[in-house]
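J.: here is my input, please return the structure:
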Amino acid sequence: MEDQKKNKSIKCDVSQCRHNLVSENYCSLDCISVGTHEDNPTVPECTDCNSFVVRSGCCE
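T.: Numbering: from 1, shown residues only. As a prediction, this is how the structure comes out:
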C-alpha cells in the first residue's frame, strides 16, 4: 500500500475503506465524491461516499 497522508479536512470512521487512516479516522484522499441513492434525499442516511473502495482482506 502506498504511503497515505491524512487529509485534515475529511474525517472518516469507515475502517473498511482503503482510503481510511484507521488509527486516526481520517481520509487520505485529496477530495471525495458524495452522492445519493435516493430520488429526493432528505436525511444523511440517503447520501453515500462515492469514493469508497473496500480495503483488501477486511470484509471476507
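
J.: C-alpha from now on. contacts and neighbour counts both.
T.: Will do.

J.: quick one: the strands in the protein?
T.: In the chain, the strands defined using DSSP state E lie at 7-11, 20-21, 26-27, 34-36, 47-49.

J.: so which of those comes closest to C58?
T.: Distance to C58, taken as C-alpha to C-alpha, is lowest for strand 20-21 among these, at 12.2 Å.

J.: how about CSV for the strands of the chain, with mean pLDDT, distance to G57 and mean neighbour count added?
T.: Output for the strands of the chain, formatted as CSV (pLDDT from 0 to 100; distance: least, C-alpha to C-alpha, whole Å; neighbours: other C-alpha atoms under 10 Å):
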stretch, mean pLDDT, distance to G57, mean neighbour count
strand 7-11, 97, 23, 14
strand 20-21, 96, 14, 24
strand 26-27, 98, 19, 24
strand 34-36, 97, 25, 13
strand 47-49, 97, 20, 13
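
J.: show me the residue sitting in the middle of this structure in space.
T.: A centroid search over the chain (C-alpha atoms, centre = their mean) returns F52, at 4.9 Å, as the residue closest to the centre.

J.: could you pull up the residues touching that one?
T.: C17, R18, H19 (C-alpha atoms under 8 Å, 6 or more residues apart in numbering).

J.: quick one: which of these is nearest L29?
T.: Checking these against L29 with C-alpha to C-alpha, the nearest one is H19 at 6.5 Å.

J.: mind checking the backbone torsions on that closest one?
T.: Backbone torsions for H19, taken as degrees, to the nearest 10, come to phi -90, psi -10.

J.: sorry, back to before: so for S56, which of the strands of the chain sits nearest?
T.: For the strands of the chain, the distance to S56 is smallest for strand 20-21, at 12.3 Å, taking C-alpha to C-alpha.

J.: which residues of this protein score low on pLDDT?
T.: Scanning the chain for pLDDT under 70 picks out the ranges 1-2, 60.

J.: surely H37 is in contact with P44?
T.: No - H37 is beyond contact range of P44, at 11.3 Å (criterion: C-alpha atoms under 8 Å).

J.: look up how far Q4 lies from the residue nearest to the centre of the chain.
T.: 15 Å (C-alpha to C-alpha, to the nearest Å).
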